[in-house]
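Visitor: Just to be clear, the model below is a prediction. Sequence and coordinates:
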Amino acid sequence: MEVTAAMVKDLRAATDAPMMDCKKALVECNADMEKATAWLKERGIAQSAKKADRVAAEGLVGLKIADDFSKATVVEINSETDFVAQNEGFKNLVLKTTEEIYSTSPADVESLKATSFGTYFSEAVIKIGEKIELRRFKTIKADDDTVAINGYIHSNNRIAVIVAAKCDSKKTADALRPMLKNVAMHASAMKPKTLSYKDFDMDFVTSETVGRIEAIKKENEELARLKKPLINVPKYISMCQLTKDVLAQAEADIKELLKSQNKPEAIWDKIVPGQLARFIDDNTTLDKELALLDQTYVLNDKMTVAQAVEAAAKEAGGTAEIVDFVRLEVGEGIEKKVDDFAAEVAAQMG
């Protein structure tokens, strides 16, 4: 009987075994689904299905950067426990998986699982004896030698970052790489979610606005209690809300205030730019928290990350702009299951 793709897919869904193993099982068992399932179980290949309801939120990340900095790959592999994550077998699995993804550039996790390496991965999981998942990965490649790439992996191997910048020349790209490693270190600590405020969805910004402004008001209540200087309460939280009309109105309000303070109009042009910059600073708190380019650079708090990169490129005699980054942190966004061990034991004894 012919083994079809649909049969392989059904067997995989039933056993959680790799695609190639499912196909081999069906061929060996003449397309008999029950026999193929038993065939996989006898060889321990289907054991991981028993762990399917467990949550894998621990683990490690992997990072590989080309010797010429033309390409970099980051990978996150999750385990159920940190104990297993520190196991040499697990560390070796992360290393080999990172190398494989770097070398073969699979389209996604499922594509990798369908290869012979997917079989190796499954067998390694069985040996380790815990639910382990290849969660995500990304590779950034330089289109040409004017793209600078560098990265950073934290000493605990739980956070990895890659940063890429488009430069005006190879000379600038070569000079900028140490700076990009610093930016990657910045991103590991400051947890940006997107490259720029321009990437924010307006519905998200709108939904965040009220809550963030209320949080600042509450913080001011505490500052007032402690008799400390208050924070300016903004009307907005992102540059994407600061339209031409909003900025024009802000400038008009500043001038009106200067007029009420009897400041000579001849010096307004020296005061207004600084006041307007302060207005923008107060009204872009979301950008400074979540957008990499708009964050205050940790190694120079007088600059944003974008400004720091621009300054480093200028020092090298050129121009540069960060165009891509990826930050992976182990377990980020995974809801961990809280087990009630006593209840579980009681249920089993009942």
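Guide: Thanks, I have the structure now.

Visitor: so where's the stretch 201-350 of the chain uncertain?
Guide: 336-350 (pLDDT under 70).

Visitor: Which stretches in it count as helices?
Guide: For the stretch 201-350 of the chain, the helices defined by DSSP state H, counting those that start in this stretch cover 202-225, 244-260, 268-282, 285-290, 305-315, 341-349.

Visitor: and residue 24, which of those helices is closest to it?
Guide: Residue 24 lies closest to helix 341-349 among these, at 36.2 Å (C-beta to C-beta). Placement of C-beta: from N, CA and C, glycine included.

Visitor: Report the distance from stretch 302-315 to the chain centre.
Guide: Distance of stretch 302-315 from the chain centroid (C-alpha atoms, centre = their mean, to the nearest Å) equals 23 Å.

Visitor: And that stretch, what's buried?
Guide: Residues of stretch 302-315 classed as buried: 304-306, 308-310, 312-313 (neighbour count, 16 or more other C-beta atoms under 10 Å).

Visitor: ranges for the strands of the stretch 101-250 of the chain?
Guide: Remark: strands assigned in the stretch 101-250 of the chain by DSSP state E, counting those that start in this stretch are 132-141, 147-153, 159-167.

Visitor: so can I have JSON lines of the ones you listed showing distance to residue 77?
Guide: Below are those laid out as JSON lines (distance: least, C-beta to C-beta, whole Å):
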{"stretch": "strand 132-141", "distance to residue 77": "5"}
{"stretch": "strand 147-153", "distance to residue 77": "13"}
{"stretch": "strand 159-167", "distance to residue 77": "12"}
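
Visitor: With mean neighbour count and distance to residue 257 as extra columns, can I get the ones you listed in CSV?
Guide: Formatted as CSV, the strands of the stretch 101-250 of the chain follow (neighbours: other C-beta atoms under 10 Å; distance: least, C-beta to C-beta, whole Å):
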stretch, mean neighbour count, distance to residue 257
strand 132-141, 20, 47
strand 147-153, 23, 44
strand 159-167, 26, 40
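
Visitor: Same list (those strands) but as a markdown table, adding mean pLDDT and distance to residue 194.
Guide: Output for these, formatted as a markdown table (pLDDT from 0 to 100; distance: least, C-beta to C-beta, whole Å):
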| stretch | mean pLDDT | distance to residue 194 |
| --- | --- | --- |
| strand 132-141 | 96 | 14 |
| strand 147-153 | 97 | 18 |
| strand 159-167 | 98 | 14 |
